[in-house]
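Novice: Coordinates for the following, if possible.
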Amino acid sequence: MSIKIIGERLRTLRESVGKTQAFIASEIGTVAQSAIFRYENGQSDVPNAILLWYADYFDVSLDYIFGRTDKPQGKLYDYNPKAFDDEKMQQFVEMCFDPKSPANAKLKEAVLKLLREEQK
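Specialist: Numbering: from 1, shown residues only. Below is the predicted model of the structure:
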């Protein structure tokens, strides 16, 4: 992440709605216009609270502000964690079912079958 990219994104957001640095500073309320100038020109690190304010005010993601993506809504990840290996999966399912119950044996096998199919 580059301080220059962050500054460019902040300036682009501000200019996209036709607002001045002074206006943004007054909206934030805790910074001066000169600080906004330094942030936009990569002369100062932007405090986290200010970054969050920009993200909320302009309804964009921090991924966008940080230059990790050009999509204002941010990066969208498919969270697909790897399933347990077969042995660990078997141990986990064994812990979940009472070994003395005949009905649970069928449920346990059905769960293991579903988990194995998910792995494929």
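Novice: can I see the domain layout of this structure?
Specialist: 3-65, 86-119 (automatic domain parsing).
Novice: which stretch in these is the model least sure about?
Specialist: Comparing mean pLDDT across these, the weakest is domain 86-119, with a mean of 74.
Novice: Now that domain: buried residues?
Specialist: Going by neighbour count (16 or more other CB atoms under 10 Å), the buried part of domain 86-119 is 89, 93, 97, 108, 111-112, 115. C-beta here means a position set from N, CA and C on the backbone, and glycine is covered the same way.
Novice: and what of stretch 12-26?
Specialist: Buried, per 16+ other CB under 10 Å, within stretch 12-26: 13-14, 21, 24-25.
Novice: about what we covered before: any chance of TSV for the domains of the chain, columns distance to residue 74?
Specialist: Below are the domains of the chain laid out as TSV (distance: least, CB to CB, whole Å):
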stretch	distance to residue 74
domain 3-65	3
domain 86-119	27
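Novice: Contacts for the helix or strand containing residue 56 next, please.
Specialist: Element membership for residue 56, per DSSP states H and E: helix 48-58. Applying CB atoms under 8 Å, 6 or more residues apart in numbering, the external contacts of helix 48-58 come out as 6, 10, 13, 16-17, 27-28, 30-31, 39, 60-62, 65, 72.
Novice: Could you list the buried residues of the helix or strand following that helix?
Specialist: Next helix or strand after helix 48-58 toward the C-terminus (DSSP H and E): helix 62-65. For helix 62-65, a neighbour-count test (16+ other CB under 10 Å) marks 63-65 as buried.
Novice: Relative to residue 44, which of those residues is nearest.
Specialist: residue 65 (15.0 Å; CB to CB).
Novice: Quick check, that closest one in contact with residue 9.
Specialist: Yes - using CB atoms under 8 Å, residue 65 is in contact with residue 9, at 4.9 Å.
Novice: Helices of the protein, start to end?
Specialist: 3-16, 21-28, 33-40, 48-58, 62-65, 86-96, 102-119 (DSSP state H).
Novice: ok, residue 42 - contacts?
Specialist: Here residue 42 is in contact with 2-4, 6-8 (criterion: CB under 8 Å, 6+ apart).
Novice: Perfect, I'm done here.
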